[in-house]
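Colleague: coords please:
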Amino acid sequence: MNLNKSMLQELCQSKGWALPKYSGTQQGPPHRPRFSASVLVHGLAFTTNTPLSSKKEAECSAAGLALDHFHHNPPPKRAKCFSHVPSLPPPSPPGLMCLTYKENETWNETTSSEGKKDTYELELKFAEERKLWQREKHQLQLKNIELENQIDMKRKELEHCRMKLQHMNEKAESDQKKAENQILLAEKRKRENEKLHSEIMELKDRLQAKQAANEDFEAQMKIEALEQTLKEKDQELTDLSEFYNALTFKERSNNDELLEARKELIDGLKDESKIYIGVKTLGDLDLKAFQVAAKRRYTAVEADERAVELCSQWEGYVGDSKWNPFKVIRDEKGKRKEIIDEDDKKLKDLKSELGDEVYKVVTTSLLELNEHNSSGRYKILELWNFKAGRKATLAEGVAYILKLWNAYIFASRQLNPPDRPLFTILYAIVLLR
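Modeller: Numbering: from 1, shown residues only. From the prediction side, this is the model:
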């Protein structure tokens, strides 16, 4: 469709007319505008029949209407369009009028045949370019339909995942609240039973004292009633314990489902950029810090090789669970807290040999593994908030996925097939997987 404007401009130049003048109007809401356009060519105005999605598309449509009009209603040719017309011969002297007439007739025939030939060649060129434009338009329409179908499928899949995760979170919160209420109720019943049991024991002691003196038969009946009540309470406590165990199992199951959802989120964001939310390998050391330190101690040829060796060596130290470079202190609230032992021999040697930057990289990795991997000091993948420098929550990961999806929806609404390359859309679809 972009060829219409170029073909119309070439037609005006070949005819010696003024260049086309375009004008347009915009309709509809700002988030989904529609455009109409008009073009003025050789004193005639041509306007698009229906509004289109972009200004450029509307102008191309108006140019196509003008080309169709001049193709079916060609204007008379002007003499100055033929730069190759031979000049008239000089006037003949008296007595040679017959020769002058033949030369004039020959010149007229040459001019007429060359003009028809130019018109025919121009029509053939217009017909070929129109077929090419129609073929490209049809291909773009097919690609647009295919892309719209793919976008709809991806949107439905993401919406289904979002609804499923939301339902799981709501269900987990509801089950947790029920479990907490049942725990409180069980503790209350336990306190009541303990109080009742103490009363029974007290009454038993009193009854024994009265039986020695053959007194108070009613106390015996009351004790039996209390013993019956105690049996009923014990049965209720047993039932509550079983229910509490079932709730505990359900809570663990929900926690496992949330962990599975977090693993899926980590797998999905593994190759994403690490600007805000992404996946970080805890236990990996930054090679750049070792390269900077190695360049200070070795030559440029040996620096890179030594940096790789030192980085690999210290990754082995960091992952060695037998090495314990920590010490325990008490914070302001009296809680135990593990920090880096600055007097550790390995760390002191590292700081003196390779500098503060490498020391900071190693100690940071040790603290992260000690905090987020309690089962051992081996490398793990973790959902990370790089902006805050901490472990990201599941809610932050879901919010980041939805933010990517909203950005992709906005980009797809601004899509203009003649102006935007096809690979941009395909990249956005791959990014959301």
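Colleague: so what's the closest residue to Asp331 other than its chain neighbours up against?
Modeller: Leaving aside its sequence neighbours, Asp331 sits nearest to Lys337 (CB to CB, 6 or more residues apart in numbering; 5.1 Å). (Glycine included, C-beta is placed from N, CA and C.) Going by CB atoms under 8 Å, 6 or more residues apart in numbering, Lys337 touches Val328, Ile329, Arg330, Asp331.
Colleague: now render those as JSON lines, adding pLDDT, secondary structure and distance to Gln228.
Modeller: As requested, those are exported to JSON lines (pLDDT from 0 to 100; DSSP: H, G, I helix; E, B strand; the rest coil; distance: CB to CB, whole Å):
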{"residue": "Val328", "pLDDT": "88", "secondary structure": "strand", "distance to Gln228": "54"}
{"residue": "Ile329", "pLDDT": "88", "secondary structure": "strand", "distance to Gln228": "56"}
{"residue": "Arg330", "pLDDT": "87", "secondary structure": "strand", "distance to Gln228": "52"}
{"residue": "Asp331", "pLDDT": "82", "secondary structure": "coil", "distance to Gln228": "53"}
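Colleague: can you tell me which of these lies nearest to Gln139?
Modeller: Asp331 (67.9 Å; CB to CB).
Colleague: and that closest one, how close does it get to Pro74?
Modeller: 92 Å (CB to CB, to the nearest Å).
Colleague: repeat for Ser412
Modeller: In terms of CB to CB, Ser412 sits 43 Å off from Pro74.
Colleague: quick check: buried residues in the strand or helix carrying Tyr408?
Modeller: Assessed by DSSP states H and E, Tyr408 sits inside helix 394-413. Neighbour counts using 16 or more other CB atoms under 10 Å place Glu396, Gly397, Val398, Tyr400, Ile401, Leu404, Trp405, Tyr408, Ser412 of helix 394-413 among the buried residues.
Colleague: check stretch 355-365 too.
Modeller: Val358, Tyr359, Val361, Val362, Thr363, Ser365.
Colleague: in a strand, the first one, correct?
Modeller: No: remark: Val358 does not belong to a strand; assigned using DSSP: H, G, I helix; E, B strand; the rest coil, it is helix.
Colleague: residue contacts, it?
Modeller: Ala289, Phe290, Ala293, Trp314, Leu350.
Colleague: from the residues you listed, pick the one nearest Asn373.
Modeller: Closest to Asn373 out of those is Trp314 (17.4 Å), distances taken as CB to CB.
Colleague: hang on, the earlier thing: show me which of the buried residues of stretch 355-365 is closest to Thr119.
Modeller: Val361 (77.8 Å).
Colleague: do a quick rundown of the strands in the stretch 201-350 of the chain.
Modeller: Counting by DSSP state E, counting those that start in this stretch, the stretch 201-350 of the chain has strands at residues 277-282, 326-330, 336-340.
Colleague: and these: which comes nearest Phe217?
Modeller: Nearest to Phe217, of all the strands of the stretch 201-350 of the chain, is strand 336-340, at 60.2 Å by CB to CB.
Colleague: where does the chain dip in pLDDT?
Modeller: Counting by pLDDT under 70, the ranges of the chain that qualify are 1-2, 75-116, 210-216, 250, 253-276, 374-376, 414-433.
Colleague: so in it, which helix runs the longest?
Modeller: helix 97-212 (DSSP state H).
Colleague: that one packs against which elements?
Modeller: Secondary-structure packing of helix 97-212 (3 or more CB pairs under 8 Å, 6 or more residues apart in numbering; DSSP states H and E): helix 3-15, helix 55-72, helix 217-268, helix 394-413, helix 422-431.
Colleague: just give me how far it sits from the chain centre.
Modeller: The chain centre lies 11 Å from the centre of helix 97-212; the measure is CA atoms, centre = their mean, to the nearest Å.
Colleague: report the angle between it and helix 3-15.
Modeller: In terms of direction (axes from the mean of the first three to the mean of the last three CA atoms, to 10 degrees), helix 97-212 departs from helix 3-15 by 160 degrees.
Colleague: quick thing: my sequence starts at 390, can you match it?
Modeller: All set: I'll call the first residue 390, so the last point we hit is now helix 486-601.
Colleague: quick check: angle from helix 486-601 to helix 444-461?
Modeller: 150 degrees.
Colleague: in stretch 682-702, which residues are buried?
Modeller: Quick answer for stretch 682-702 (16+ other CB under 10 Å): Ala682, Ala683, Ala692, Arg695, Ala696, Leu699, Cys700.
Colleague: CSV for the residues you listed, including distance to Leu456?
Modeller: Putting these into CSV (distance: CB to CB, whole Å) gives the following:
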residue, distance to Leu456
Ala682, 70
Ala683, 69
Ala692, 67
Arg695, 71
Ala696, 66
Leu699, 71
Cys700, 67
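Colleague: tell me the two of those residues that are most distant?
Modeller: Comparing every pair within the buried residues of stretch 682-702 by CB to CB identifies Ala692 and Cys700 as the most remote, at 12.2 Å.
Colleague: Trp773 sits in which helix or strand?
Modeller: Trp773 belongs to strand 769-774 when assigned by DSSP H and E.
Colleague: give the pairing partners of that strand; include direction for each.
Modeller: Strand pairing for strand 769-774, using DSSP bridges, gives strand 666-671 (antiparallel), strand 779-780 (antiparallel).
Colleague: what about the last one, distance to the chain center?
Modeller: Put plainly, it is strand 779-780. The mean C-alpha position of strand 779-780 is separated from the chain mean by 20 Å, CA atoms, centre = their mean.
Colleague: same check, this time on the longest one
Modeller: Mean C-alpha position of strand 666-671 versus that of the full chain (CA atoms, centre = their mean) differs by 16 Å.
Colleague: what residues sit buried inside that strand?
Modeller: Of the residues in strand 666-671, those buried by neighbour count under the rule 16+ other CB under 10 Å are Ile666, Gly667, Val668, Lys669, Leu671.
Colleague: got TSV for the residues you listed, with distance to Lys584 too?
Modeller: As requested, those are exported to TSV (distance: CB to CB, whole Å):
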residue	distance to Lys584
Ile666	53
Gly667	56
Val668	54
Lys669	53
Leu671	51
